[in-house]
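**Q** fold the following for me, if possible:
(one chain, ligands or ions: 2)
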Amino acid sequence: MSTAAIIVAAGRGTRAGAGLPKQWRALGGRSVIAHTLDALRAGGLTRLVLVLHPDDMNKADRLPLDGVMLVMGGATRTASVRAALDALATDPPDRVLIHDGARPFVSARVIADVLAALDHAPAAAPALAVVDALWRGSDRAVSAPVARDGLFRAQTPQGFHFAPLLAAHKAWPGDAPDDVEIARAHGLRVALTDGCETNFKLTYPADFDRAAALLDARSPTMTDIRLGNGYDVHRFGPGDGCWLCGVKVPHHRALQGHSDADVGMHALTDAIYGALAEGDIGRHFPPSDMQWKGAESHIFLRHAVELAHTRGYALANCDVTLVCETPKIGPHADAMRAALATIMKVDVARVSVKATTSERLGFTGREEGIAALATACLMAT
Ligand SMILES: Nc1ccn([C@@H]2O[C@H](COP(=O)(O)OP(=O)(O)OP(=O)(O)O)[C@@H](O)[C@H]2O)c(=O)n1
Ligand SMILES: C[C@](O)(CO)[C@H](O)COP(=O)(O)O
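**A** Ligands and ions are numbered 1, 2, ... in the order given. Below is the predicted model:
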């Protein structure tokens, strides 16, 4: 699935006060829009479309523009998005994320959740449930309570399957606060994903103080990156296929083990536990415990990923290498990536599966078993 991200940054920022439009103002020595581009790249997005005001096109060379397509914006946010969609339509991606340039602190976790939701819905958007009591007021007095149940504060990036969103925009007559409204009017179901308090939009002058404080407070633990590796081996025995990275690969033998012996998934699970300094599968699912006999390995992987989430980490990427002469892995590698991505609830672009032979040397070369190595990178959310 190919993905593009549109960053709308053609507004004038009138509510943010005098001076440069807000996206061009400095935060920690760099422009807001440079921070936003970096945040989207850190979320794994590489095809970026940046929408700028005609008066700002000459400022673009101050930005990190690797892989960025520039598009001239319109008079409204809706018109700016439409210009970018039209620019993408000549080589349409499968999915598109639309993000406010004025939200520089979007996290990789928020992006990953939107992308994962797009596997099951044509549209998805991050939001935060309203937690404070709500009132209607007039003349500086409370005039009525408002029920807060089921109310959400909308954020971006808002994600869509590209073709239906383009059709929705073409059918939409005027302006709209965001693309969710346009998509819904076209009949698209919009899944809600978890937003984040730090993914706020710079709108008023005080938001710049909040942004500066957030940057100051960012310590190494808040940008914590953790790496883990995993290694596993299972021997061949009688059977008609091997479970490898969640896919049953036809073979004249099967891997033997206490569980389903999915050697690739075990190495990956151990890599995640390793990144968390949480031991290995044996510690969490002891082989002496008969309840795990014949267990499907996705149980272990899911547990490791949930533990990472509980600790405040999301998977940035992972890489699994299977070492075997046979079966051939190449024809199944994409299915394996998709299976692992589904279990871990991440975009498939974050998951790599590859294979090598050992040049007929050693136990893998003699086809006595399969070895697997894995690396996982976790990022603090
Ligand atoms: N014609 C427009 C208007 C808005 N935007 C972008 O849409 C995002 C969200 O909009 P908002 O906060 O309303 O930005 P502004 O329109 O710039 O702000 P204001 O309403 O205060 O002028 C911003 O990143 C803004 O640059 C855009 O690309 N084109
Ligand atoms: C798209 C948006 O950021 C969602 O919160 C918002 O609708 C656009 O900005 P505005 O402040 O409502 O003009």
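**Q** can you give me the buried ones in stretch 304-323?
**A** Going by neighbour count (16 or more other C-beta atoms under 10 Å), the buried part of stretch 304-323 is 304-305, 308, 311, 313-323. For the C-beta atoms, the positions are set from N, CA and C on the backbone; glycine is no exception.
**Q** one more: stretch 210-230?
**A** Quick answer for stretch 210-230 (16+ other C-beta under 10 Å): 211, 214, 226, 228, 230.
**Q** tell me the confidence at the closest residue to Glu197 other than its chain neighbours?
**A** Among residues not flanking Glu197 along the chain, Leu128 sits closest, at 6.9 Å (C-beta to C-beta, 6 or more residues apart in numbering). In this model, Leu128 is scored at 97, pLDDT.
**Q** now swap in the one 5 residues further on and tell me
**A** Here, the pLDDT recorded for Ala133 equals 96.
**Q** picking that back up, what sits against the residue nearest to Glu197?
**A** Listed by C-beta atoms under 8 Å, 6 or more residues apart in numbering, the contact set of Leu128 reads 152-153, 155, 194-197.
**Q** hmm, 10 Å instead?
**A** By C-beta atoms under 10 Å, 6 or more residues apart in numbering, the residues touching Leu128 are 151-155, 192, 194-197, 199-200.
**Q** likewise for Cys318?
**A** 228, 230, 267-268, 271-272, 275, 337, 340-341, 344, 346, 350-353, 374-378.
**Q** out of those, which sit inside helices?
**A** Using DSSP state H, the subset of those located in helices is 267-268, 271-272, 275, 337, 340-341, 344.
**Q** widest-spaced pair of the residues you listed?
**A** The span of the ones in helices among the contacts of Cys318, defined through C-beta to C-beta, is set by Ala275 and Arg337 at 19.3 Å.
**Q** setting aside sequence neighbours, what's the nearest residue to the residue in the stretch 251-381 of the chain that ligand 1 sits nearest to?
**A** Closest contact between the stretch 251-381 of the chain and ligand 1, by C-beta to the nearest ligand atom, is at Thr381 (22.8 Å). Spatial nearest neighbour of Thr381, excluding adjacent residues (C-beta to C-beta, 6+ apart): Arg109 at 3.8 Å.
**Q** ok, back up a step: any idea which of the ones in helices among the contacts of Cys318 is closest to Trp24?
**A** Ala341 (36.8 Å).
**Q** contact partners for Ser288?
**A** Ser288 neighbours (C-beta under 10 Å, 6+ apart): 258, 282.
**Q** I'd like the numbering to begin with 28 instead of 1 from here.
**A** All set: I'll call the first residue 28, so the last point we hit is now Ser315.
**Q** helix, strand, or coil at it?
**A** Secondary structure state of Ser315, per DSSP: H, G, I helix; E, B strand; the rest coil, is coil.
**Q** surely Gly309 is in contact with Gly257?
**A** No: if you go by C-beta atoms under 10 Å, Gly309 and Gly257 don't touch, sitting 11.9 Å apart.
**Q** joint contacts of the two?
**A** The contact sets of Gly309 and Gly257 overlap at 293, 297, 300 (C-beta under 10 Å, 6+ apart).
**Q** which one of these is nearest to ligand 2?
**A** Checking these one by one against ligand 2 (C-beta to the nearest ligand atom), the nearest turns out to be Tyr300, at 37.5 Å.
**Q** which residues does the closest one contact?
**A** When contacts are counted by C-beta under 10 Å, 6+ apart, Tyr300 touches 255, 257, 306-311, 327, 330-331, 334-335, 403.
**Q** contacts only, for the spatially most central residue of the chain.
**A** The centroid of the chain falls nearest to Ala139 when counting by C-alpha atoms, centre = their mean (1.6 Å). Listed by C-beta under 10 Å, 6+ apart, the contact partners of Ala139 are 70-71, 220, 341-343, 371-374, 376-377, 406, 408.
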